[in-house]
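Visitor: Got a predicted structure here, sequence first:
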Amino acid sequence: GKSTNQASSGRCWIYSALNWMRTSRLKDWGKDFEYSQNYCAFWDKFERANHFLEVMCKLSTEDVNSQEVQNVLTRVFTDGGEWELFENVVLKYGLVPKYAMPETGFSGNSGGYMDILKKRLRVGGGVLHKILREAGTSVDAEVQEECDLIKDQILSEVYRILVCYLGSPPSDFLWLPPKEKKEEEKNKKTEGGEAGAEDKTKKEDAKAKDDATAVSGLTVAEKRPYQTVTPMEFLDKSLFKFGQKVHLSHLPHHPEGRKLVADVVTNMHEGKRLEAHNVSMQEIKTAVRASIKAGQPVAIMCEMRHHDRGKTLLSDDNDRTAEIFEMDADICLSKGDELLYQVTSVAHGMVLIGCDDEPTASTEDEVAAARLSSPLGPLWKVENSWKDLQYLYMTDKWFDMNCYDIGVDMQFVSEAVREQIHRENAAEPIVLPTGDPFCKI
């Protein structure tokens, strides 16, 4: 599909997930098709605001200076996200095409309205926390009613702010279904084969143009073959099977073979928490390669903060800082420790769409596309959401050190990992505190 552009926002996780989803329908809907990222971001922020207020109420037994309360104030209401948060929003609110809720002048530059929302939510969350903390264990019906009224008021303000900055989310929209393949094939067969077929086509085109002039706002003439579709109905048209996807992570500071679940981090209070099954990097790469060879992309989360945005190659060899300043290479940290000491983070979402047929060497075409002078071993191709750099190439070494988790179809996961997932789903997971590196979205 065409390039997408998250601009100056932290919505990479929404873009990567929607780019992953649209691959199922690009052949039918055209390479220019995009789902509305703005629509998903709107409902993410609204639900996240509600979750923030609920968590502040839940933590009323904790002092405001406690690490947990401070982590919530800092990290729960952010622009970033992961697969479970995307799934929460889409399964509740559905999807719309980009034209039904396009980008605004503010959606791609989220810092301004996010500051307004954070300030208001911290005020509202602080008031709720104080009321419930002062009430202690004797929270009667009057105190609870006061808190409910405050939450409703804050959420109505959040909704109003979001509408002003992002626009109003549609309850339905007009959709022109693609032609059925049988009809297209029939048209091809009759082209030039039947007398008057060309004239008939011209008349139909002229009629379609006349019908198009009947469009006024959301009122369409009955003859126009548009459908009125709701976001949930459009989600059904996506053909994307959420229940078949699995979130795998490679977080070396946690044991392999275990399910990790964030205690607080989510965007929907009653929805899924951020969670993943922790596996080896080899298992992740095996699943990725199997999926790509079957023609299905994979969502990935990587460290990208230190990448030179002018380069199409993701390689540690691009960073010459240590060489220039003669830094001692022996003073270093492991991948897991770099996360713990905030050297790196799970910072950017993309879609992995290609890999070498053989895991030993890159092809000449890939070397040329990545502007390399010589092969650097196996390369991986990703679709990004930076308009100026739609496609990037990762070296295998860079992939090992900077990829932390993926979203992939369960059928491409090894039998050993599938057994691990079924076993861990029935057991108690490792619950991660808000301060864990995996939770810093």
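Guide: Yep, that arrived.
Visitor: helix or strand for the spatially closest residue to residue 252 that is not a sequence neighbour, which one?
Guide: In space, and not counting its chain neighbours, residue 252 is closest to residue 336: 3.1 Å by CB to CB, 6 or more residues apart in numbering. Every residue, glycine included, has its C-beta placed from N, CA and C. Secondary structure assignment for residue 336, by DSSP states H and E: helix 335-340.
Visitor: Let me see the mean pLDDT of that helix.
Guide: Taken as a whole, helix 335-340 carries a mean pLDDT of 95.
Visitor: Render the CA-only coordinates of that helix in PDB, please.
Guide: Extracted in PDB, the C-alpha atoms of helix 335-340 (Å, rounded to 0.1, in the frame of the first residue of the first chain):
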ATOM      1  CA  LYS A 335      20.100  -6.400  25.800                       C
ATOM      2  CA  GLY A 336      18.000  -7.000  29.000                       C
ATOM      3  CA  ASP A 337      20.200  -4.700  31.100                       C
ATOM      4  CA  GLU A 338      19.900  -1.900  28.500                       C
ATOM      5  CA  LEU A 339      16.200  -2.000  29.000                       C
ATOM      6  CA  LEU A 340      16.500  -1.900  32.800                       C
END
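Visitor: Can you give me the buried ones in it?
Guide: Judged by neighbour count (16 or more other CB atoms under 10 Å), helix 335-340 contains these buried residues: 335, 338-339.
Visitor: Please identify which of those is nearest to residue 268.
Guide: Nearest to residue 268 out of these is residue 339 (CB to CB; 25.7 Å).
Visitor: Beyond the host helix or strand of residue 51, next helix or strand please.
Guide: Per DSSP H and E, residue 51 falls inside helix 37-58. Next along the chain after helix 37-58, taking DSSP H and E as the criterion, comes helix 67-75.
Visitor: Show me what whatever helix or strand comes next after that next one is packed up against.
Guide: Counting by DSSP H and E, the next helix or strand C-terminal to helix 67-75 is helix 83-93. Packing partners of helix 83-93 (3 or more CB pairs under 8 Å, 6 or more residues apart in numbering; DSSP states H and E): helix 12-22, helix 37-58, helix 231-237, strand 245-249.
Visitor: Tell me what angle helix 83-93 forms with helix 37-58.
Guide: 100 degrees (axes from the mean of the first three to the mean of the last three CA atoms, to 10 degrees).
Visitor: next structured bit after helix 83-93?
Guide: helix 111-135.
Visitor: and that next one, what does it pack onto?
Guide: Counting contacts by 3+ CB pairs under 8 Å, 6+ apart, helix 111-135 is packed against helix 37-58, helix 67-75, helix 141-166.
Visitor: just those: most buried one?
Guide: Mean neighbour count, computed with mean count of other CB atoms under 10 Å, is highest for helix 37-58 among the helices and strands packed on helix 111-135, reaching a mean of 23.
Visitor: what angle sits between it and helix 111-135?
Guide: Using the same axes, to 10 degrees: helix 37-58 against helix 111-135 is 20 degrees.
Visitor: Next, the contact list for the closest residue in space to residue 76 that isn't next to it in sequence, please.
Guide: Nearest non-adjacent residue to residue 76, counting by CB to CB, 6+ apart: residue 52, 5.0 Å away. By CB atoms under 8 Å, 6 or more residues apart in numbering, the contact set of residue 52 is 72, 76-77, 121, 125.
Visitor: For residue 52, report the pLDDT, please.
Guide: On pLDDT, residue 52 comes in at 97.
Visitor: repeat for residue 322
Guide: 87.
Visitor: any idea how far residue 336 is from residue 122?
Guide: Distance of residue 336 to residue 122, computed by CB to CB, to the nearest Å: 32 Å.
Visitor: circling back to that earlier point, dump the buried residues of helix 335-340 into JSON lines; add distance to residue 252 as well.
Guide: Supplementary listing: the buried residues of helix 335-340 in JSON lines, determined by distance: CB to CB, whole Å:
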{"residue": "335", "distance to residue 252": "5"}
{"residue": "338", "distance to residue 252": "9"}
{"residue": "339", "distance to residue 252": "8"}
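Visitor: Closest one of those residues to residue 281?
Guide: Checking these against residue 281 with CB to CB, the nearest one is residue 335 at 8.7 Å.
Visitor: I figured the closest one hits residue 401, correct?
Guide: Yes - using CB atoms under 8 Å, residue 335 is in contact with residue 401, at 5.8 Å.
Visitor: Make sure residue 299 is indeed in a strand.
Guide: Yes - counting by DSSP: H, G, I helix; E, B strand; the rest coil, residue 299 is located in a strand.
Visitor: Excluding chain neighbours, give the residue nearest to it in space.
Guide: That would be residue 407: by CB to CB, 6+ apart, it lies 3.8 Å from residue 299.
Visitor: mind checking which helix or strand that neighbour is in?
Guide: If you go by DSSP H and E, residue 407 is part of strand 403-409.
Visitor: Helix or strand next in line after that strand, which one?
Guide: Using DSSP H and E, the helix or strand that follows strand 403-409 towards the C-terminus is helix 415-425.
Visitor: What residues sit buried inside that next one?
Guide: 417, 420-421, 424.
Visitor: Could you report the separation of the closest residue to residue 9 other than its chain neighbours from residue 10?
Guide: Nearest residue to residue 9, sequence neighbours excluded (CB to CB, 6+ apart): residue 110, at 4.2 Å. Applying CB to CB, the value for residue 110 to residue 10 is 7 Å.
Visitor: any idea how far the nearest residue to residue 307 once chain neighbours are set aside lies from residue 109?
Guide: Among residues not flanking residue 307 along the chain, residue 314 sits closest, at 6.3 Å (CB to CB, 6+ apart). Look at residue 314 and residue 109: by CB to CB, they are 26 Å apart.
Visitor: ditto for residue 313
Guide: 28 Å.
Visitor: What of residue 138?
Guide: As judged by CB to CB, residue 138 and residue 109 stand 46 Å apart.
Visitor: Who has more neighbours out of those two?
Guide: residue 109 (14 against 6; other CB atoms under 10 Å).
Visitor: these two touch, right, the more buried one and residue 7?
Guide: Yes - if you go by CB under 8 Å, residue 109 and residue 7 touch, sitting 6.3 Å apart.
Visitor: Tell me where the stretch 301-441 of the chain has helices.
Guide: In the stretch 301-441 of the chain, the segments counted as helices under DSSP state H, counting those that start in this stretch are 321-324, 335-340, 364-369, 396-402, 415-425.
Visitor: Can you say which of those is nearest to residue 290?
Guide: Per CB to CB, nearest to residue 290 of the helices of the stretch 301-441 of the chain: helix 415-425, 11.4 Å.
Visitor: now what about the closest one, what contacts it?
Guide: Contacts of helix 415-425 (CB under 8 Å, 6+ apart): 246, 248, 257-259, 277, 279, 283, 287, 410, 413.
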